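Q: Sequence first, predicted model second:
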Amino acid sequence: MRLDVLLARASERLARSGSLSPRLDAEVLLCHVLEVDRTWLYTWGDRPASTFQRARYEALVAARAAGRPVAYLTGMREFWGLPLGTSPHTLIPRPDTETLVEMLLELAAQPSGRLLDLGTGTGAIALAFASERPDWQALGVDRVPEAVALAESNALRLGIANASFLPSDWFAAVSGQRFMLIAANPPYIDAEDPHLGQGDVRFEPMSALVAADSGLADLRHIVEQAVDHLEPTGWIVLEHGHEQAAAVRGLLQGRGYVAVDSRRDLGGRERVTFGRLSP
């Protein structure tokens, strides 16, 4: 069967299954099987697929039709232009989180310094920042050992030497250390949120998604503890739900942070809030 015919059939199947991007999903999965890019696929779509390629591809399409995230099926997701390895032990990096990285880069006014990325997962935030600020040191921590190993492998494969990773339950492993920037994309979804049963999040680890106190428990813990780990006038930058910005600003102001404000994501929603430690 020709590749373009195989692709068309897969796109139709994924559309029927409810995928929001059936053609893109089908193309990404076929590129993964063939180990080519999408330009090659457009150019050589009239080539035949081998029996092995077709069988492997159809198995991946069936898994996607059942809801499995493409990033888990391919083991890869691009973030900030970096191809990051993924795994079911971590959240899938999302474009909206690039807003947090942009904010960190704006605040990194000094030629060098240290960044702490809490709950690093794939290492997306730490690696994106470190790739843009080679004279800074980025440290990512995560309480899940598999996540730390994945982040380390991403850093090694990408050749980003100024990012390192440690196992830690939030600040536990960095006692006595201080940073100019602290970043986090922590769990912030309410356990009763109906969106937990929809889309890719059905397959992502609940421990990385859900927090108590209407999703604010981990955000509150980070805000309270970060004051002991920030350099004088250091900044904290937090990603949160689009309806939580006012609450997070209140947490920061209540703990004495100044210059507190929020930044909107690609969809125009307040998703990143930041503040500076008062001298």
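A: Happy to help now that I have it.
Q: Kindly format the C-alpha coordinates of stretch 31-47 as CSV.
A: Extracted in CSV, the C-alpha atoms of stretch 31-47 (Å, rounded to 0.1, in the frame of the first residue of the first chain):
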residue,chain,number,x,y,z
CYS,A,31,7.2,9.8,10.4
HIS,A,32,8.1,8.0,13.6
VAL,A,33,7.7,4.6,12.0
LEU,A,34,9.7,5.6,8.9
GLU,A,35,12.2,7.6,10.8
VAL,A,36,11.8,10.6,8.4
ASP,A,37,10.5,14.1,8.7
ARG,A,38,7.2,15.5,7.3
THR,A,39,8.8,17.1,4.3
TRP,A,40,10.1,13.7,3.2
LEU,A,41,6.6,12.3,3.7
TYR,A,42,5.1,14.9,1.4
THR,A,43,7.7,14.3,-1.2
TRP,A,44,7.7,10.6,-1.3
GLY,A,45,4.1,9.7,-0.4
ASP,A,46,3.8,7.5,-3.5
ARG,A,47,6.3,5.0,-2.2
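Q: ok, and the closest non-adjacent residue to S131?
A: Computed as C-beta to C-beta, 6 or more residues apart in numbering, the closest residue to S131 that is not its neighbour in sequence is I160, at 5.6 Å. No exception for glycine: its C-beta is placed from N, CA and C like everyone else's.
Q: To clarify, my last question referred to I92.
A: A71 (4.5 Å).
Q: OK, contacts around that neighbour?
A: R77, T86, I92, P93, D200 (C-beta atoms under 8 Å, 6 or more residues apart in numbering).
Q: Bridge partners for P83, pull those for me.
A: With DSSP bridges as the criterion, P83 is bridged to E78.
Q: so it makes contact with G75?
A: No. Assessed by C-beta atoms under 8 Å, P83 is found out of contact with G75, at 10.2 Å.
Q: Can you give the domain ranges for this protein?
A: Domain assignment of the chain by automatic domain parsing yields the ranges 3-67, 87-276.
Q: Give me whichever of the ones you listed is most buried.
A: domain 87-276 (a mean of 19; mean count of other C-beta atoms under 10 Å).
Q: can you pull out the helices in the stretch 101-250 of the chain?
A: Remark: helices assigned in the stretch 101-250 of the chain by DSSP state H, counting those that start in this stretch are 124-132, 145-158, 217-226, 245-254.
Q: Same list (those) but as CSV, adding distance to T233 and mean pLDDT.
A: Conversion of these to CSV gives the following (distance: least, C-beta to C-beta, whole Å; pLDDT from 0 to 100):
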stretch, distance to T233, mean pLDDT
helix 124-132, 19, 98
helix 145-158, 28, 98
helix 217-226, 13, 98
helix 245-254, 14, 98
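Q: ok, and what's touching the helix or strand bottoming out on mean pLDDT in the chain?
A: The weakest-scoring helix or strand in the chain, judged by mean pLDDT, DSSP states H and E, is helix 38-43 (a mean of 92). The contact list for helix 38-43 (C-beta under 8 Å, 6+ apart) reads L3, L7, E27, V28, L30, C31, L34.
Q: List the residues that contact L252.
A: L252 makes contacts with V223, I236, V260, T273, G275, as judged by C-beta under 8 Å, 6+ apart.
Q: go again using 7 Å as the cut-off
A: V223, V260, T273, G275 (C-beta atoms under 7 Å, 6 or more residues apart in numbering).
Q: In helices, which of those residues fall?
A: V223 (DSSP state H).
Q: Can you add distance to T97 and give the contacts of L252 back as TSV?
A: Converted to TSV, the contacts of L252 look like this (distance: C-beta to C-beta, whole Å):
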residue	distance to T97
V223	19
V260	20
T273	14
G275	19
